[in-house]
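Novice: A predicted structure for the sequence below; I have some questions about it.
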Amino acid sequence: MRLKEVERPHSLLQKVRNSFMRTFMGDIPGPILAMSYGRDLGGKHLARCYQEGLRQAREWSAGELEIFAAFVANLNRCQYCIASHSAITQYALGSTERVQAVLADWRTAPISSRLRGALQFLEKLTLKPGEIGCDDADAARAAGVSDLALREAIYVCFLISTMTRLADALDFALPDPQTLQRGARILARFGYCGMRV
């Protein structure tokens with residue numbers, strides 16, 4: 001059950017932002033509520049990490065980063081994060097076909113060997129982190145994933161694994177399809193800067 005305290009704005013700027021979001025989106029997305037609650041404890045720092053990890057990577061496109069996000073969310077069985085990151089890929093890639101194929105079976109999805117190599121690494125990192133080792137990194141490198149690209153993919157895995165746990169703990173409400181698409185369009189265009197307020 002969602003705690004009422006999480007929904008309460010803690011500053012004038014948050015009150016203005018929340019009012020704006022309710023007017024144009026109908027509801028405030030769960031991640032923004034989570035980042036707003038206890039901002040000085042960690043929310044503002046984690047929000048900055050989301051912008052860095054999901055929009056400022058050098059080796060992956062925004063669409064590929066969103067595929068990683070949806071993939072890790074799917075492994076963690078978080079319906080909120082699967083839906084939101086899958087929707088963002090529609091605007092980042094022009095369609096949801098690739099992410100849907102990856103979620104159905106990344107081994108047979110029509111994607112590059114480089115992307116497939118990163119997904120193989122992320123699957124093991126997410127489901128069996130204690131078993132990840134040098135051989136897994138070597139397999140990713142053999143598929144064309146550079147060390148920097150691997151670090152960037154791991155960063156996304158960390159961020160989404162954190163958010164999936166927050167989403168489940170704080171009971172993020174899955175928005176209706178129209179609100180989901182509106183939010184996805186905003187995130188695809190402007191990134192995750194709005195989570196910092």
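Specialist: Yes, it's here.
Novice: mind checking which residue lies nearest the centre of this protein?
Specialist: Note on the chain: the residue nearest the mean C-alpha position is residue 69, at 4.2 Å, using CA atoms, centre = their mean.
Novice: and that residue, how far from residue 76?
Specialist: Separation of residue 69 from residue 76 (CB to CB, to the nearest Å): 11 Å. Every residue, glycine included, has its C-beta placed from N, CA and C.
Novice: please, where are all the helices along this structure?
Specialist: With DSSP state H applied, the chain shows helices at 4-7, 12-25, 30-36, 44-55, 62-75, 79-93, 97-105, 113-127, 134-142, 147-169, 177-190, listed in chain order.
Novice: ok so, going back, any residues in contact with both of residue 69 and residue 76?
Specialist: Residues touching both residue 69 and residue 76 by CB atoms under 8 Å, 6 or more residues apart in numbering: residue 160.
Novice: would you agree residue 79 is in contact with residue 174?
Specialist: Yes. Counting by CB atoms under 8 Å, residue 79 touches residue 174, with 6.1 Å between them.
Novice: what's the neighbour count on the closest residue to residue 93 other than its chain neighbours?
Specialist: Leaving out its chain neighbours, the residue that sits closest to residue 93 by CB to CB, 6 or more residues apart in numbering is residue 63, at 3.8 Å. Residue 63: 19 surrounding residues under other CB atoms under 10 Å.
Novice: contacting residues for residue 63?
Specialist: Taking CB under 8 Å, 6+ apart, one finds 89, 92-93, 98 in contact with residue 63.
Novice: can you put those in CSV and add pLDDT and distance to residue 147?
Specialist: Below are those laid out as CSV (pLDDT from 0 to 100; distance: CB to CB, whole Å):
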residue, pLDDT, distance to residue 147
89, 92, 25
92, 91, 24
93, 92, 25
98, 94, 25
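Novice: looking at these, spot the one nearest residue 104.
Specialist: Residue 104 lies nearest to residue 98 out of the contacts of residue 63, by CB to CB, at 10.8 Å.
Novice: the closest one: neighbour count?
Specialist: 19.
Novice: what about it, distance to residue 51?
Specialist: Residue 98 is 23 Å from residue 51, by CB to CB.
Novice: how about residue 91?
Specialist: For residue 91, the distance to residue 51 - CB to CB - is 17 Å.
Novice: which of those two has more neighbours?
Specialist: residue 91 (19 against 16).
Novice: which residue packs closest to that one, ignoring adjacent ones?
Specialist: Nearest residue to residue 91 in three dimensions, chain neighbours excluded: residue 188, at 3.4 Å (CB to CB, 6+ apart).
Novice: fine, thanks again, bye for now.
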